[in-house]
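Student: generate coordinates for the sequence data below:
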Amino acid sequence: MKILIIGPSWVGDSVMAQTLYKRLKDEEPSCTIDVFSPEWSLPLMQRMPEVSKVITSPYSHGDIHILSRYRFGKNLRKYNYDRAIILTNSLKSSLIPFFADIPIRTGWVGELRYILLNDIRHFKKESNSLMVEKFAALSIQKSNFSVENLTFPSLETNLKNQRENLEKLNINSDLPCLGICPGAEFGPSKKWPAHYFSYVAKEYVSRGWNVICFGSKNDTETGRKLETFNGLRDENKFYNLIGMTSLVDVVDLLAHCKRVVTNDSGLMHVAAAVKTPLVALYGPSSPEYTPPLIDNKKVIRKMDGYQKIRKGQNVDGYHHSLLSIKPAEVMSALEAI
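Tutor: Alright, predicted model coming up:
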């Protein structure tokens, strides 16, 4: 069986989708899984042994381009896919499998996709409370899954690449390492304040640890703010790698870390998928839906419910619930895992 997955557009979702790929391999061990996904996701897919091939999406988030999608889908007909599974809920994400004449097209009901999909699943929040359960419920067998029946994401790591990166960055691999992920693509409401991160970093540098900051180019300003506090820029065990490393290198360097402290972000899910113990800091987003999928973790949150907001009321956009999490509490949590 040949399966085409229309993958997500966010790092965290792309990592969590591996649970579905593992489920498909359990159901059909000989199946071939190809993923239609943004180019940036290629390093993640390469670390998932379940994925055979990545078909790079030429479309930016929000692009429709119906004629182009028709041509793209028509070109995919030569691969003779037996089934398509669409992980996103938009109408446009269902167009390519439809134009590719894939016989079975599975996805959640939404955005009037009844013509484009012919295996429509109805989301039951009480049965699929976690996003990974929602993904897994799109597998071949039409049944509900509980978290106990699922295999969580586990990205492969490359020790040779890890060692080469540590040497290139002049990071002493004999010292314990704390990873810090201070960014969040969704917006500042999901970020713990940069100066709070700096207190934790300074404390661990003083204990003789290496401290590495990870993030994308979009997090560069956050990294700059963080290193200006407490004289971190002048510390020889502090490494601000935000915007300076590829995603595949981040995977291997996070695996090297002994501990990670992170916002609710894509890199939180990467750290969990390489099984690095972590402290996850949540604000208006909910750990009941997208928690770090690892046993050895501490989740800190100071509010209930869920709010989909990009900016909090603080002048820097921080959410009040994250402002109420103090560095001392985070350091205690790090010592407890």
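Student: mean confidence (pLDDT) on stretch 139-155, please.
Tutor: Stretch 139-155 carries an average pLDDT of 78.
Student: all helices of the stretch 1-150 of the chain, in order?
Tutor: Taking DSSP state H, counting those that start in this stretch as the criterion, the stretch 1-150 of the chain carries its helices at 11-16, 18-27, 42-46, 66-76, 95-99, 131-136.
Student: next one: the stretch 151-300 of the chain
Tutor: Remark: helices assigned in the stretch 151-300 of the chain by DSSP H, counting those that start in this stretch are 159-168, 194-206, 220-228, 247-256, 266-273.
Student: nearest spatial neighbour of I120, chain-adjacent residues omitted?
Tutor: V109 (5.1 Å; Cβ to Cβ, 6 or more residues apart in numbering). C-beta here means a position set from N, CA and C on the backbone, and glycine is covered the same way.
Student: just to revisit the earlier point, so which of the helices of the stretch 151-300 of the chain is the most surrounded?
Tutor: For the helices of the stretch 151-300 of the chain, the largest average neighbour count (mean count of other Cβ atoms under 10 Å) is found in helix 266-273, namely a mean of 28.
Student: other SSEs contacting that helix?
Tutor: Using 3 or more Cβ pairs under 8 Å, 6 or more residues apart in numbering; DSSP states H and E as the contact test, the elements touching helix 266-273 are helix 11-16, strand 177-181, helix 247-256, strand 259-263, strand 278-282.
Student: among those, which comes closest to H320?
Tutor: strand 278-282 (13.1 Å; Cβ to Cβ).
Student: neighbours of M48, how many?
Tutor: Applying other Cβ atoms under 10 Å, we find 22 residues neighbouring M48.
Student: same thing with E335?
Tutor: Neighbours of E335 under the rule other Cβ under 10 Å: 10.
Student: ok, it to W192 distance?
Tutor: Per Cβ to Cβ, to the nearest Å, E335 is found 18 Å from W192.
Student: can you pull out the strands in the stretch 1-150 of the chain?
Tutor: 2-6, 32-37, 51-56, 83-86, 104-108, 119-121 (DSSP state E, counting those that start in this stretch).
Student: winner for burial among the ones you listed?
Tutor: Of all the strands of the stretch 1-150 of the chain, strand 83-86 has the most neighbours on average by mean count of other Cβ under 10 Å, namely a mean of 26.
Student: which residues does it contact?
Tutor: Residues from elsewhere that reach strand 83-86, judged by Cβ atoms under 8 Å, 6 or more residues apart in numbering: 1-6, 20, 93-94, 97, 100, 102-107, 117, 138-140.
Student: next: stretch 283-296.
Tutor: Contacting residues not belonging to stretch 283-296 are listed as 12, 16, 19, 129-132, 152-153, 186, 189-192, 262, 264, 268-269, 271-273, 275-278, 280, 297, 299, 301, 303, 305-309, 312, 319, 321-322, 337 [Cβ under 8 Å, 6+ apart].
Student: just the buried ones from those, in ChimeraX syntax?
Tutor: Listed next is the ChimeraX selection for buried residues among these, using 16 or more other Cβ atoms under 10 Å:
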select :12,16,19,130,131,132,152,153,186,189,190,191,192,262,264,268,269,271,272,273,275,276,277,278,280,297,301,309,312,319,321,322,337
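Student: who are the contact partners of the closest residue to E235 other than its chain neighbours?
Tutor: Closest residue to E235 apart from its sequence neighbours, by Cβ to Cβ, 6+ apart: V205 at 5.0 Å. By Cβ under 8 Å, 6+ apart, the residues touching V205 are V211, L232, E235, K237, F238.
Student: one more time with 10 Å
Tutor: When the contact criterion is Cβ atoms under 10 Å, 6 or more residues apart in numbering, the partners of V205 are L178, V211, N230, G231, L232, E235, N236, K237, F238.
Student: please name the bridge partners of the last one.
Tutor: The reference is to F238. V211 (DSSP bridges).
Student: confidence score at it?
Tutor: What the model reports as pLDDT for F238 is 95.
Student: ok, how many other residues are close to it?
Tutor: F238 has 24 neighbouring residues, counting by other Cβ under 10 Å.
Student: these two touch, right, it and E203?
Tutor: No - the pair F238 / E203 is not scored as a contact, 11.6 Å apart, by Cβ atoms under 10 Å.
Student: what sits in contact with each of these two?
Tutor: Contacts common to F238 and E203, judged by Cβ under 10 Å, 6+ apart, are L178, W209, V211, N230.
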